[in-house]
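J.: Just to be clear, the model below is a prediction. Sequence and coordinates:
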Amino acid sequence: MTTTYSSTDWLVVDTGLRPADENMALDKALLLAMSEHQVPKMFRFLRFEESALIGFHQSPEQELHLEFCHAHGIAVQRRLTGGGALIFDPTQMGWELICRRDALPKGDMAALSRWICEAAATGLSRLGVTARFRPRNDIEVEGRKISGTGGIMDGEVLLFQGTVLVDLDIPRMLRVLRVPLEKLDAHAISSVAERVTSLKILLGVAPDLAAVQDALLEGFRAHMGLSFTFGDLPKAVSALLPETLAEVRGAEWLGINRRPRDGMPLRKATLRAPGGTLQAEMLWDSYGNRVRQVHFSGDYFVQPQRAIADLEAALRNVHLDEVDQIIEGLFEQQKVDGFGLQPEHFGTVLRMAAKDG
Amino acid sequence: MGIVRGCEIPEDLMYNVDNNVWLRKEDDGSVTIGMTSYACALAGQIVSYTPKGAGKDIKKDKSAATVESGKWVGPLKSPVSGTVVSSNDEVAKDPGLINKDPYGSGWIAKLTPTDFAGDSGELKTGADALTAFEEKMTADGFGGC
């Protein structure tokens, strides 16, 4: 029997809790089925057994503590989408849109991701938090990240996905993901907690996952005017799953961009400036001269306080030649007062760290 | 140099307009392919580049490399079938070169085509390419580079 889908509604499918490889294989199958006009535009909810997911262009050796992952049965997988490494466990929720380009408003990639992220933020705000889009592709609450996103555009077909941190085990996250912190102690945990949050932390209790799904759909309804019908995974997708599962389970898939861990060392520098002492710890791409991730600390005062977390978010995966422009832009945009600490001090300490080692 | 809505579209190159890629036939029979300036404007700053390795066979309209900008990943689809001769080490080191010089040092891949005559028939060049890009930009709602 042939299933007939609405031409206006998005088909909402909850594929439930699955291993990481199945979820990645489903993404591949969905894109393939969409490119062959076999499925309608879809909104998928997905959950993961405990796993560490790297971005498409990342190297597992550089981004993850693989020994810990292997010792604790944490699956390692590569996403189809861009962005950085993240952890997933059954407490977290994933969401994604799969459609043809013309199902969404016209515009460039940045405008498109802003629009989708704003819709997700609108939805999360319905749960009682004030969620907002933060460039490049985060959703944050009071300066703390609560959702990361990324997309793939393959011709006329696109998939854009995000996470929702319903709950988060920060100490475990720090044992799985490489972060730009030399010591993983209580101070490191509290420092990360100033930059990442969860619905449980914000609301005092983790909301029911169904409530999170409803809120997200409401956000997309309100912000983007989407309408939904609910259903099962289309058979065309299930039929492709064995083939795509074999692909993501193959060594070639995880081996894309295999780079040695020492190609991304942790570098560190301290600058004594008029406004205080500024320390930068960063994961440094010595081949491409790129700041992969940076963490600022030290003895200084910056207003607004969230400017530091925003600056760190803006400086992810940035060429060293571009850092000054980004820092100056953010200082200007947020009217940052560093009480003597100037934009050039942040650029200087990054260049010092790059030379370290 | 042709210009469409502020985007440079060199008239001596060949284009698959739908996939937003250019192709140049080299004297030795190989082809060089890359992203158009229009594709770069849509994508924004490119931060990652993963090419298919030398010796890899690529079918027409299949991915010869993958690039990333603003957390969006996208394939660069080869306009012709062929075998990868080389990828661009300079771009691997600094993917931003694609934005800075898309038709020069920011090239994506060099291939030995398997059936250039057969595959290149639908590619646009010269004034036809400019017209086709104008139409695509209208359809895409693109304001300009």
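T.: Yep, that arrived. Residues are numbered from 1 along each chain as shown, chains lettered A, B, ... in the order given.
J.: what packs against the biggest helix by length in chain B?
T.: Criterion DSSP state H: the longest helix present in chain B is helix B:126-140. Contacts defined by 3 or more Cβ pairs under 8 Å, 6 or more residues apart in numbering or on different chains; DSSP states H and E place helix B:126-140 against strand B:2-4, strand B:7-9, strand B:14-16, helix B:37-43. In this view, the C-beta of every residue, glycine as well, is placed from N, C-alpha and C.
J.: Before we move on, what's the pLDDT of the closest residue to residue A:167 other than its chain neighbours?
T.: Nearest non-adjacent residue to residue A:167, counting by Cβ to Cβ, 6 or more residues apart in numbering or on different chains: residue A:91, 4.0 Å away. In this model, residue A:91 is scored at 93, pLDDT.
J.: what about the helices and strands packed on helix B:126-140, which gets the closest to residue A:221?
T.: Smallest distance to residue A:221 across these (Cβ to Cβ): 27.3 Å, for helix B:37-43.
J.: now what about that closest one, what contacts it?
T.: In this structure, residues lying in contact with helix B:37-43 by Cβ atoms under 8 Å, 6 or more residues apart in numbering or on different chains are A:108-109, B:4, B:7-9, B:20-21, B:35, B:46, B:67, B:69-70, B:72, B:74, B:98-99, B:102-103, B:133, B:136-137, B:140, B:142, B:144-145.
J.: same thing with stretch B:52-65?
T.: Under Cβ under 8 Å, 6+ apart, the answer for stretch B:52-65 is B:16, B:19, B:33, B:49-51, B:75-87, B:108-109, B:111, B:114, B:119.
J.: hmm, 7 Å instead?
T.: Applying Cβ atoms under 7 Å, 6 or more residues apart in numbering or on different chains, the contact partners of stretch B:52-65 are B:19, B:33, B:49-51, B:75-87, B:108-109, B:111, B:119.
J.: Quickly note the distance from the residue nearest to residue A:167 to chain B.
T.: 23 Å (Cβ to the nearest Cβ, to the nearest Å).
J.: quick one, phi psi at that residue?
T.: Note on residue A:91: its backbone torsions stand at phi -80, psi -10 [degrees, to the nearest 10].
J.: Same question for the one 3 residues further on.
T.: Here is the backbone geometry of residue A:94 (degrees, to the nearest 10): phi -110, psi 150.
J.: Now the closest residue to it other than its chain neighbours: which helix or strand?
T.: With sequence-adjacent residues excluded and distances taken as Cβ to Cβ, 6+ apart, residue A:94 is closest to residue A:46, at 4.2 Å. Secondary-structure assignment from DSSP states H and E places residue A:46 in strand A:42-48.
J.: Against which helices or strands is that strand packed?
T.: Judged by 3 or more Cβ pairs under 7 Å, 6 or more residues apart in numbering or on different chains; DSSP states H and E, strand A:42-48 is in contact with strand A:10-18, helix A:20-35, strand A:93-100.
J.: one step back: of the contacts of helix B:37-43, buried ones?
T.: Among those, those classed as buried by 16 or more other Cβ atoms under 10 Å in any protein chain shown are A:108-109, B:4, B:7, B:9, B:20-21, B:35, B:46, B:67, B:69-70, B:72, B:74, B:98-99, B:102-103, B:133, B:136-137, B:140, B:142, B:145.
J.: Can you flag which of those residues belong to strands?
T.: B:4, B:7, B:9, B:21, B:35, B:46, B:67, B:69, B:72, B:74 (DSSP state E).
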